[in-house]
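1. attaching a predicted model along with its sequence, questions to come.
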Amino acid sequence: MNIEIREINDNDNEIRLVQDFLYDQIMKEYGIGPTPKFHYDIDGIGEYYISPERNNFFIAWDGNKIVATGAVRAYDKDYKMFRDVYSKENTASIWRLMVDENYRRLGLARNIVSRMEDFARSQSYDKMYLHTHRYLDAALPFWKSLGYEITVEEDDYDETSHMVKNL
């Protein structure tokens, strides 16, 4: 196994491969297909991750097969509880961290997050924000092992945990 992690290319074929990988992973993990309300950024990878200078998208390749992804972009959510805490100027958000089930427990997610954090520092972000879901068994232990702290746990249908790490 010779895994290479690199930034996405602005290439229609590569973008389609990434979209296919992400939708396949979302179906496996969450049991849902493409849903514009939640997946607008996947359909607009160029707009959300390639064009903005302070955003980026990382892909792990095993030969010509995508085996993991992770993206970083300026914080752009509008959660009332974070209005005076996070901004697009000082906070990067983690998006689309997905690892093929056959490649888990090999350090890929950890390596991609490290690349995302390095990129965020190079773009002068002060912190990294993410949200995850408590029903994903490995999620909270993974993020905590990387130094992320829970800031808010919601009692919503998605069991959302909001997390942050100072860079």
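-> In hand now; what should we look at?
2. any idea how far residue 154 is from residue 81?
-> Separation of residue 154 from residue 81 (C-beta to C-beta, to the nearest Å): 9 Å. Where you see a C-beta, it was placed from the backbone N, CA and C, and this is true even at glycine.
3. ugh, wrong one, residue 9
-> Note on residue 9: its distance to residue 81, by C-beta to C-beta, is 37 Å.
4. not counting stretch 10-28 itself, show me its contacts.
-> Surrounding stretch 10-28, the residues in contact under the criterion C-beta atoms under 8 Å, 6 or more residues apart in numbering are 8, 32-34, 39, 42-43, 45-46, 50, 57, 59, 66, 69, 96, 98, 100-101.
5. may I see the PyMOL selection of the buried members of those residues?
-> To isolate the buried subset of the contacts of stretch 10-28 in PyMOL, counting by 16 or more other C-beta atoms under 10 Å, use the following:
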select buried, resi 8+39+42+45+50+57+59+66+69+96+98+100
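6. which of the contacts of stretch 10-28 fall within helices?
-> If you go by DSSP state H, these have 39, 42, 43, 45 in helices.
7. center of the chain, which residue is that?
-> Closest residue to the average C-alpha location of the chain: residue 95 at 2.3 Å, with C-alpha atoms, centre = their mean.
8. how about the strands of this structure, start to end?
-> Under the criterion DSSP state E, the chain carries strands at the ranges 3-7, 56-62, 65-74, 91-99, 127-133, 149-153, 160-166.
9. output those strands as CSV; include the columns distance to residue 25 and mean pLDDT.
-> Written out in CSV, the entries for the strands of the chain read as follows (distance: least, C-beta to C-beta, whole Å; pLDDT from 0 to 100):
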stretch, distance to residue 25, mean pLDDT
strand 3-7, 16, 95
strand 56-62, 12, 97
strand 65-74, 8, 97
strand 91-99, 4, 97
strand 127-133, 14, 94
strand 149-153, 24, 92
strand 160-166, 19, 94
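10. let's have these in JSON lines, adding distance to residue 142.
-> Rendered in JSON lines, the data for the strands of the chain read as follows (distance: least, C-beta to C-beta, whole Å):
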{"stretch": "strand 3-7", "distance to residue 142": "17"}
{"stretch": "strand 56-62", "distance to residue 142": "16"}
{"stretch": "strand 65-74", "distance to residue 142": "12"}
{"stretch": "strand 91-99", "distance to residue 142": "9"}
{"stretch": "strand 127-133", "distance to residue 142": "9"}
{"stretch": "strand 149-153", "distance to residue 142": "13"}
{"stretch": "strand 160-166", "distance to residue 142": "11"}
